[in-house]
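give me a model of this one.
(one chain, ligands or ions: 2)
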Amino acid sequence: MSDAPRGILVTGAAEVATCAGGLRRGSAQDDPAIAPPGTAVACLEGRIVAVAAEPEARDALAAALVEIGASPDACDVIDATGSTVTPGLVDAHTHLLFGGSREGEVALRQRGAGYLEILATGGGILATVAATRAASDRELAAHGRRWLGEMLRHGATTVEAKSGYGLDTATELRLLAIAGRLADDGSVDVIPTFLGAHAVPSEVRAAHPDAAAATEAYVRAVIEEQLPAVAAQGVARSVDVFCETGVFSPDQARRILEAARDQGLEIRLHADEMAPSGGAELAAELGALSADHLGCPSAAGIGALAAAAGSARPVVAVLLPTVPWFLGQELREPARELIEAGVPIAIGTDFNPGTSPVPSLPLAMSVAMLRLGLTPSEVLVATTVNAAAALGLADRGALERGRRADLVVWDVPTHAQLPYWAGAGLVRVVIAGGRVVVGG
Ligand code: NIG
Ligand code: FE
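Numbers count the residues shown, from 1 in each chain. Ligands and ions are numbered 1, 2, ... in the order given. A predicted model of the protein is given here:
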């Protein structure tokens, strides 16, 4: 069989939601840029070559094929009749790689234990750290492949993946290396993030007289030992910190993130997930790519994100509404307030074994619509173009000429039904990096 390049033409869709036009702020987030009826999408060599009326898209593809020396008819047609076509979804916040599972904590919480309380007694994140350290590279990679496959079958073509269940240099590097390899060999593009400051590991806690001294010693280890090794490894694109009352303070987060920036890495932050601790303010001050969770930012924090929203590179508020939902909390991220303040928002799954064992972005979209009061258009923008911006990726997240050919054909006639059929498997076809990787 010849491996000469072939084009792909996606035709006949009931709706093409392009999300074109770049990052959205404020009320513009309610516009997913629906293309006129009869629009087709043409792809060649991993890129979108045209989003236009079908005859025009066919001509553009034929011309592009001729330009690279291929036959103008070397084209596979995907019949999207009755379907909605959107950009491939971007999950801007996951803790993809870990050992074990923690279903037992659900029962503990049902009997009244708090999430941070379980962590303080050596469970929670620390239980996953023990299981992760004990897992082999093969096991961790197999786990990663399994859940990336699940994410892909729910429409995600780009997935951010944090380390953070190693909490020592060797295991953190191991997790990042595996994430990097999954990016190279899979259909989903994996974007690795270093989260050494996720919790203080038990051995460091045991070596110090109190929690404060242990946390301080661990912060120094992250800055002086882990970060330089991570930068030298060259896999992580950005650095994250769990900035939360009782975990790492804004001052400790600042020191880690400034050191990360000095190493040329991008920065992002778990901010104000469960209590307002100054995380949103810090993310805005440091010009982070994103401030994530924002379960309860202060008014000043929302103000700081609003002030940053006007800049060329605003801080994207990555909301993770399956977390309070899964933890059985009443808490709701102030999504409407953020949008009204002009802040760009994204929605992610926060896939992890403790607070969100949820690999499906469409399910997170449903929860965002139902619990945060977002419109279907807002949740689509928040999982495509704005989520790509949260990862600093300008080459995807929209169906526009020149962008990566990442797109999903959904088995519904309008994007308004994506969060409506909650929990359904609606994906008909996924094209990632110009290859048909699901359906077809
Ligand atoms: O994003 N908040 C910190 N980290 C994860 C939870 C990790 C875990 O419980 O294993 C989160 O919610
Ligand atoms: Fe998280």
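
got a list of what the residue of the stretch 1-150 of the chain found nearest ligand 1 touches?
Taking Cβ to the nearest ligand atom as the measure, the point where the stretch 1-150 of the chain comes nearest ligand 1 is Ile125, at 4.4 Å. All C-beta spots, glycine's among them, are computed from the backbone N, C-alpha and C. Residues near Ile125 by Cβ atoms under 8 Å, 6 or more residues apart in numbering: 119, 164-165, 198-199, 354.

one more: Ala405?
Taking Cβ under 8 Å, 6+ apart, we find Ala405 in contact with 8, 43-44, 46-48, 431-434.

neighbour-wise, which of those residues leads?
Sorting the contacts of Ala405 by how many neighbours each has (other Cβ atoms under 10 Å) puts Cys43 first, at 32 neighbours.

taking the contacts of Ala405, tell me the two that lie furthest apart.
Spatial extent of those (Cβ to Cβ) is set by the pair Leu44 and Ala432 at 14.7 Å.

can you tell me the SS state at Ile8?
With DSSP: H, G, I helix; E, B strand; the rest coil as the basis, Ile8 sits in strand.

so it makes contact with Gly440?
No. Ile8 is not in contact with Gly440 according to Cβ atoms under 8 Å; the separation is 9.1 Å.

spit out the residues that contact the two alike.
Shared contacts of Ile8 and Gly440, defined by Cβ under 8 Å, 6+ apart, are found at Ile78.

what's the helix or strand for the nearest residue to Glu400 once chain neighbours are set aside?
For Glu400, the nearest residue in space outside its immediate sequence neighbours is Ala20; the separation is 4.5 Å by Cβ to Cβ, 6 or more residues apart in numbering. Under the criterion DSSP states H and E, no helix or strand holds Ala20.

residues in contact with Ala20?
Neighbour list for Ala20: 33, 51, 385, 398-400 [criterion: Cβ under 8 Å, 6+ apart].

identify the farthest-apart pair in these.
The span of the contacts of Ala20, defined through Cβ to Cβ, is set by Val51 and Val385 at 13.7 Å.

who has more neighbours, those two?
Per other Cβ under 10 Å, whichever of Val51 and Val385 has more neighbours is Val385, with 30 against 26.

from Glu15, how far out is that one?
In this view, Val385 and Glu15 are 17 Å apart by Cβ to Cβ, to the nearest Å.

residues near the nearest residue to Gly246 once chain neighbours are set aside, how many?
Distances taken as Cβ to Cβ, 6+ apart put Leu116 closest to Gly246, at 5.6 Å, once the chain neighbours are dropped. Using other Cβ under 10 Å, the number of residues around Leu116 comes to 15.

can you check Tyr420 too?
Using other Cβ under 10 Å, Tyr420 is surrounded by 16 other residues.

equivalent analysis for Asp395, please.
Quick note: Asp395 (other Cβ under 10 Å) scores 12 neighbours.

that one and ligand 1, how far apart?
Asp395 sits 26 Å away from ligand 1, going by Cβ to the nearest ligand atom, to the nearest Å.

you'd agree that residue is up against Ala389?
No. Asp395 is beyond contact range of Ala389, at 11.2 Å (criterion: Cβ under 8 Å).

okay, domains of the chain per the record?
7-88+398-438, 89-390 (automatic domain parsing).

from the chain's centroid, how far away is the longest one?
From the chain centre to the centre of domain 89-390 is a distance of 9 Å (Cα atoms, centre = their mean, to the nearest Å).

tell me the contacts of whichever residue of the stretch 251-400 of the chain sits closest to ligand 1?
The minimum distance from the stretch 251-400 of the chain to ligand 1, using Cβ to the nearest ligand atom, falls at Gly354 (2.1 Å). If you count contacts by Cβ under 8 Å, 6+ apart, Gly354 has them with 102, 105, 115, 124-125, 128.

dump the residues you listed into CSV; add secondary structure and pLDDT as well.
What follows is the contacts of Gly354, written out as CSV (DSSP: H, G, I helix; E, B strand; the rest coil; pLDDT from 0 to 100):
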residue, secondary structure, pLDDT
Arg102, coil, 96
Glu105, helix, 94
Tyr115, helix, 87
Gly124, coil, 93
Ile125, helix, 94
Thr128, helix, 97
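
hey, where'd the strands end up in the stretch 301-440 of the chain?
Under the criterion DSSP state E, counting those that start in this stretch, strands of the stretch 301-440 of the chain are mapped to 316-319, 345-347, 407-410, 427-432, 435-438.

any chance of the ones you listed in TSV with distance to Thr375 as columns?
What follows is those, written out as TSV (distance: least, Cβ to Cβ, whole Å):
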stretch	distance to Thr375
strand 316-319	14
strand 345-347	12
strand 407-410	17
strand 427-432	21
strand 435-438	27
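
output those in TSV; the columns should cover distance to ligand 1 and mean pLDDT.
Converted to TSV, these look like this (distance: least, Cβ to the nearest ligand atom, whole Å; pLDDT from 0 to 100):
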stretch	distance to ligand 1	mean pLDDT
strand 316-319	10	98
strand 345-347	14	98
strand 407-410	25	98
strand 427-432	25	98
strand 435-438	27	97
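
would you point out the helix or strand in the protein whose mean pLDDT is lowest?
In the chain, no helix or strand scores lower on mean pLDDT, DSSP states H and E than helix 115-120, which sits at a mean of 87.

which parts of the chain sit against ligand 1?
Counting by Cβ under 6 Å from any ligand atom, the chain comes close to ligand 1 at 95, 124-125, 128, 242, 270, 273, 323, 350, 352-355.

let me see the backbone angles for the residue nearest the centre of the chain.
Geometric centre of the chain, nearest residue: Ala92, 1.5 Å, by Cα atoms, centre = their mean. Per-residue torsions, Ala92: phi -80, psi 0 (degrees, to the nearest 10).
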